[in-house]
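**Q** dropping the sequence and predicted coords here.
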Amino acid sequence: MWRIQKKMKNFLHIRDIPVRDLKKIISDAKNRKAKRKRLNTLDTDKDKPLKGKILLQMFEKSSLRTRLSFYLAIKQLGGGSLTLRPEELHLGIGSESIADTSKILSTYGNAFMLRTDSDKKLDQFKKYSNIPIINGLSPSSHPTQVLSDIFTIQEIKKKSISKLKLCWIGDANNNMMNSLIEVCIKFSVALNIACPKDYQPNKLLTSLIKKQKGKIKIFNKKEKAVKNSDVVMTDKIISLNDKVNKRKKLKSFENFKLDTKTMNLAKKDAIFMHCLPRGSEVTEEVFLGKQSKVWQQALNRVYVQKSILLYCFGKLR
Ligand code: CP
Ligand code: NVA
């Protein structure tokens, strides 16, 4: 029987994870980060909670931050990782099934992180695995990034996320936005979204948004959405898994570029966040400006990945 081992958990979508567990992950990341002030990047945390464990990772799509942050995360927890290249596996060239590959991953490894071009594949890996599966980005979700962003916002603002007003300007029908909406619903966060008409949240999320009693609002003008925000976020217009006419999509977003004039409509102490990589959705001035927290945001992924791993291994206190 290929069923996840007792006490272990998958990390596939924010919507699947109880809010108390999301909060536990964030608070564990805060504690562990505080204890590493004098440690070098490759030094392990004192308790080495994942000593002897191996994380297998596979990327069907490019990655810089997710790859490096998971590598460092498991290392700092006392374990190790191996990155598999899809084209070097039988699976990648079409001569082995996901079922068999997943069972073998479970036989050799202790957890599997997958960045994929298909949500179905994640479900298939899960079906034939008895080790935790982590979604390192799929067409529909980017849960590890979004949870880390909540951590960063609370770290900078020194306030609970539910007391802050978030604004998203850009594609509202992509993986980042889906996970952000899911997290805002879980934590009851006020979120304003500015997006072109053809790039609104998907039907399921739109119906969930309607049940939020106005906490999440959708605008078709960035100037309206950004007013009084504490945090302004955006993402690439063209996502890794987008199969669209790029020129047409870019054109639809002409009025949604985040520039200084728009940023100035947010609160004076508002911060700017972007998961990276970036494209033409934000000006250089905003991206490199004083309000931008993008480098801190990227670094924090290491700390949050560690606590996500501990959650998956059933080791979060
Ligand atoms: N933000 C993010 O996931 O970056 P990578 O695509 O480089 O992993
Ligand atoms: N929405 C982006 C996120 C990149 C980290 C993409 O899928 O390419």
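**A** Received, thanks. Numbers count the residues shown, from 1 in each chain. Ligands and ions are numbered 1, 2, ... in the order given.

**Q** helix/strand/coil for M58?
**A** The local conformation at M58, judged by DSSP: H, G, I helix; E, B strand; the rest coil, is strand.

**Q** what sits against it?
**A** T83, L84, R85, P86, L89, F112, M113, L114, R115 (Cβ atoms under 8 Å, 6 or more residues apart in numbering). Backbone N, C-alpha and C define where each C-beta goes, glycine included.

**Q** from those residues, keep the buried residues only.
**A** Among these, those buried by neighbour count (16 or more other Cβ atoms under 10 Å) are L84, P86, F112, M113, L114, R115.

**Q** OK, contacts around the closest residue in space to N300 that isn't next to it in sequence?
**A** Sequence neighbours aside, T152 is the residue nearest to N300 in space, at 4.8 Å (criterion: Cβ to Cβ, 6 or more residues apart in numbering). Residues in contact with T152, defined by Cβ under 8 Å, 6+ apart, are M273, K293, Q296, Q297, N300.

**Q** can you check S106 too?
**A** W2, F112, Y128, S129, N130, I131.

**Q** can you rerun that using 7 Å?
**A** Taking Cβ atoms under 7 Å, 6 or more residues apart in numbering, we find S106 in contact with W2, S129, N130, I131.

**Q** counting by contacts, list what the lengthiest helix in the chain packs against.
**A** Determined from DSSP state H, the single longest helix within the chain is helix 294-312. With contacts defined as 3 or more Cβ pairs under 7 Å, 6 or more residues apart in numbering; DSSP states H and E, the packing partners of helix 294-312 are helix 19-34, helix 65-76, helix 143-157, strand 271-274.

**Q** and what about L191, helix, strand or coil?
**A** Secondary structure, three-state DSSP: L191 is strand.

**Q** I'd like the distance between it and ligand 2.
**A** 17 Å (Cβ to the nearest ligand atom, to the nearest Å).

**Q** what residues are up against that residue?
**A** Shown in contact with L191 (Cβ under 7 Å, 6+ apart): L166, W168, C184, K215, I216.

**Q** tell me how many other residues crowd the closest residue to Q291 other than its chain neighbours.
**A** Counting by Cβ to Cβ, 6+ apart, Q291 lies nearest to F272, which is 4.8 Å off, once chain neighbours are set aside. By the criterion of other Cβ atoms under 10 Å, F272 has 22 neighbours.

**Q** next: the one 3 residues further on.
**A** Applying the criterion other Cβ under 10 Å, we find 24 residues in the vicinity of C275.

**Q** what sits closest to it if chain neighbours are left out?
**A** Closest residue to C275 apart from its sequence neighbours, by Cβ to Cβ, 6+ apart: Q145 at 5.0 Å.

**Q** how far away from the center of its chain is stretch 180-188?
**A** Mean C-alpha position of stretch 180-188 versus that of the full chain (Cα atoms, centre = their mean, to the nearest Å) differs by 13 Å.

**Q** show me what counts as buried in that stretch.
**A** Going by 16+ other Cβ under 10 Å, stretch 180-188 has these buried residues: L180, I181, E182, V183, C184, I185, K186, F187.

**Q** distance check, the nearest residue to I26 once chain neighbours are set aside against ligand 2.
**A** In space, not counting the residues next to it along the chain, I26 is nearest to F151; the distance is 5.0 Å by Cβ to Cβ, 6+ apart. Plainly put, F151 is 16 Å away from ligand 2 if you go by Cβ to the nearest ligand atom.

**Q** touching, S69 and R301? I think so.
**A** Yes. Using Cβ atoms under 7 Å, S69 is in contact with R301, at 4.0 Å.

**Q** wait, V232 sits on K267?
**A** No. Applying Cβ under 7 Å as the test, V232 and K267 come out as separate, 9.5 Å apart.

**Q** look at the two and report which has more neighbours.
**A** Using other Cβ under 10 Å as the criterion, V232 and K267 rank with V232 on top: 30 against 15.

**Q** for F112, helix, strand, or coil?
**A** Classification of F112 using three-state DSSP returns strand.

**Q** that older thread, the residue nearest to Q291 and S292, how far apart?
**A** According to Cβ to Cβ, to the nearest Å, F272 stands 5 Å off from S292.

**Q** could you tell me how many residues sit around the residue nearest to C275?
**A** For Q145, the neighbour count with other Cβ under 10 Å is 25.

**Q** the one 5 residues further on too?
**A** By the criterion of other Cβ under 10 Å, I150 has 24 neighbours.
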